[in-house]
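**Student:** sequence-free structure coming up:
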Ligand code: CP
């Protein structure tokens, strides 16, 4: 396959075929040396980084990935010090930054922001999180984590637990998982079920899935448990969030009923849904996911510039 990522926008996981996703993951596992020793293959390239919502992993890993490739990074995470604060529109901001950068990475609370930027700009745009809608590069790295840690995806029973309505990593992960022969167990309070359109998508693709509220009742059947936090910033009120916070708390005691090789994942940040005692278990890979994320983003940037 020729590089399917060359000069391409990355807005939604729905835009990529299984073959294209596996191509990316195959390249990502080969990026260890670049992560360790660096490279100059993007020496003349600049990444524009526009983060209008808080981020630790996504922003810093794109920053690190570009620097490992020999490129440079400009942009802002404190948008209130940009001219947006003076009333400049996002559209104008994007058009201006296009003059300074060769690729644009955008995080925004507005669901269509990255998609809109991709439509109006002539440089590739990467969606680094768009409201409650999508976070494609997180989901690529989540898929990579399962594939690397379990050696396969087919045949696995995967539990996705927490705020399935507002969690954007869930919306991006489901389209990737439906490429495989997996059983999905969607675990959430009834108020935070996956959206209707996601359910229709899974049904249309004949994906086996069940929706349950009790984590304990399904834990023994799971090969992978993907925990997510309650998305406080997306709830309609603080009272509603406080009612949901603490609905799921994964402890070593709860995990006694799980398979010994259950893979425990979380896109992070974690709030209180995984007890810190769980961190020491060998099955807990949520602090390995950011390393996979670095490799994945190195691969993605190198492929977008067709530099490998
Ligand atoms: N997983 C994730 O997107 O983390 P950040 O919000 O810290 O980037």
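**Tutor:** Great, that's in hand. Computed from a predicted model, the values in this text were never measured in an experiment.

**Student:** Report how far apart the opening and closing residues of stretch 171-188 are.
**Tutor:** Terminal residues of stretch 171-188 lie 14 Å apart, using C-alpha to C-alpha, to the nearest Å.

**Student:** which bits of the stretch 1-150 of the chain sit near the ligand?
**Tutor:** Applying C-beta under 6 Å from any ligand atom, we find that the stretch 1-150 of the chain lies next to the ligand at 55-58, 129, 135, 138. To be clear about C-beta, it is placed using only N, CA and C from the backbone, and glycine gets the same treatment.

**Student:** buried set for stretch 23-34?
**Tutor:** By 16 or more other C-beta atoms under 10 Å, the buried positions in stretch 23-34 come out as 23-25, 27-28, 31, 34.

**Student:** And the residues of the stretch 1-150 of the chain next to the ligand, which two are furthest apart?
**Tutor:** 56 and 135 (13.6 Å; C-beta to C-beta).

**Student:** between those two, who's got more neighbours?
**Tutor:** residue 135 (27 against 11; other C-beta atoms under 10 Å).

**Student:** if I read this right, residue 201 contacts residue 178, doesn't it?
**Tutor:** Yes: with contact defined as C-beta atoms under 8 Å, residue 201 reaches residue 178; the gap is 7.3 Å.

**Student:** Quick check: pLDDT value at the residue of the chain most remote from its centre.
**Tutor:** Within the chain, residue 86 marks the point farthest from the mean C-alpha position, 31.1 Å out by C-alpha atoms, centre = their mean. Residue 86 carries a pLDDT value of 96.

**Student:** Now do the SS call for it.
**Tutor:** Assigned with DSSP: H, G, I helix; E, B strand; the rest coil, residue 86 falls in the coil class.

**Student:** Go through the buried residues of stretch 23-34 and flag which are in helices.
**Tutor:** Counted as lying in helices by DSSP state H, out of the buried residues of stretch 23-34, are 23-25, 27-28, 34.

**Student:** which one of those residues sits closest to residue 15?
**Tutor:** residue 24 (12.3 Å).

**Student:** Please look at that closest one and residue 141 and confirm they touch.
**Tutor:** No: at 10.2 Å, residue 24 does not count as touching residue 141 under the criterion of C-beta under 8 Å.

**Student:** Common neighbours of those two, please.
**Tutor:** residue 296 (C-beta atoms under 8 Å, 6 or more residues apart in numbering).

**Student:** domain assignment for the chain?
**Tutor:** 13-135+291-304, 136-289 (automatic domain parsing).

**Student:** now those domains in TSV, with distance to residue 5?
**Tutor:** Listed next are the domains of the chain as TSV, based on distance: least, C-beta to C-beta, whole Å:
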stretch	distance to residue 5
domain 13-135+291-304	4
domain 136-289	11
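
**Student:** do you know which of those lies nearest residue 6?
**Tutor:** Nearest of those (C-beta to C-beta): domain 13-135+291-304, 6.8 Å.

**Student:** end-to-end on the closest one?
**Tutor:** Domain 13-135+291-304 end-to-end distance (C-alpha to C-alpha) = 16 Å.

**Student:** Who does residue 263 form a beta bridge with?
**Tutor:** residue 224 (DSSP bridges).

**Student:** and it, how many neighbours does it have?
**Tutor:** Around residue 263 there are 20 residues (other C-beta under 10 Å).

**Student:** Return the residues in contact with it.
**Tutor:** 145-146, 149-150, 223-225, 283, 285.

**Student:** before we move on, what about residue 59?
**Tutor:** Taking C-beta under 8 Å, 6+ apart as the definition, contacts of residue 59 comprise 49, 51, 77, 105, 107, 128.

**Student:** thought the third one was touching residue 55?
**Tutor:** In other words, residue 77. Yes: in this structure residue 77 lies within contact range of residue 55 using C-beta under 8 Å: 7.0 Å.

**Student:** Distance of the residue nearest to residue 44 when sequence neighbours are not counted relative to the ligand?
**Tutor:** Nearest residue to residue 44 in three dimensions, chain neighbours excluded: residue 71, at 8.0 Å (C-beta to C-beta, 6 or more residues apart in numbering). Applying C-beta to the nearest ligand atom, to the nearest Å, the value for residue 71 to the ligand is 20 Å.
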